[in-house]
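>>> Please work out how this folds:
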Amino acid sequence: MLFQPLTSIKGIGTRRAETLGELGLFCLRDLLYYAPRNYTDYSRVACACELKHGASAAVRVRLTGEPKLARVNRKLNILTAACCDETGKLTLVWYNQPFRKASLKIGDVLYACGRADTARGARLLNPSLYEALPGIVPMYALPKGISQKVFRDTVRAALDACVNELEETLPEEIISRYGLCSLSSALFELHFPQSAETLRVAKR
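Modelled structure (predicted):
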């Protein structure tokens, strides 16, 4: 499976495979060794009243108002949704993502994760929504047309498909002497770390 083409993964057609080829990614093994450029830590819940301008944050919110879509011009539309947590009000803002409107319902309780903007009240810009706290989220250098979510799902599928083919490249003696984790664990934690400590061990 390691050297199967990217099109062997569900959701990756010829066009997306060609786009990923611009990064030098052609087979499943290439995906496994394409490391995230950085990570966003959403392992802790922040309060709406304590958001810091420009910082990434995860807030457990309840949607309190009907989402509103405003078309500014042909190239820009803005979707907003009023919500709150136990400490105050918060507005979720998406740019050019009108498709999200249909999935937002008053009363929904979700984790909204995005960049805070406190210049005009408490807002989260282009947040991702989760039913559970997502933890540490990898962020990749990607070409236009491939979203972070699509790429993360693709990497997850590649890891699941190849887990039984990841053979150790170091002698057991070396692994034991230096307290190294297995290759499969290193690759899983590199892309989907459980904590800052497991990520440190994987990078090592």
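>>> Contacts for stretch 97-108, please.
Contact with stretch 97-108 is made by Arg62, Leu63, Thr64, Gly65, Glu66, Pro67, Leu69, Asn77, Leu79, Ala81, Trp94, Asn126, as judged by Cβ atoms under 8 Å, 6 or more residues apart in numbering. Using the backbone N, CA and C atoms, a C-beta is placed for each residue, glycine as well.
>>> what helix or strand does the residue nearest to Ile175 when sequence neighbours are not counted sit in?
Of all residues not flanking Ile175 in the chain, Glu168 sits nearest, at 7.0 Å (Cβ to Cβ, 6 or more residues apart in numbering). According to DSSP states H and E, Glu168 maps onto no helix or strand at all.
>>> Relative to Ala57, how far out is Glu168?
39 Å (Cβ to Cβ, to the nearest Å).
>>> next one: Asn73
For Asn73, the distance to Ala57 - Cβ to Cβ - is 30 Å.
>>> Can you show me the CA trace of whatever helix or strand Ala58 lives in as PDB?
Assigned by DSSP H and E, Ala58 belongs to strand 56-63. Taking C-alpha atoms only, strand 56-63 is exported to PDB below (Å, rounded to 0.1, in the frame of the first residue of the first chain):
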ATOM      1  CA  SER A  56      -6.200  31.100  18.200                       C
ATOM      2  CA  ALA A  57      -8.800  29.800  20.700                       C
ATOM      3  CA  ALA A  58     -11.400  27.000  21.200                       C
ATOM      4  CA  VAL A  59     -14.700  28.100  22.800                       C
ATOM      5  CA  ARG A  60     -17.600  25.900  23.700                       C
ATOM      6  CA  VAL A  61     -20.500  27.900  22.400                       C
ATOM      7  CA  ARG A  62     -24.300  27.700  22.100                       C
ATOM      8  CA  LEU A  63     -25.800  29.200  18.900                       C
END
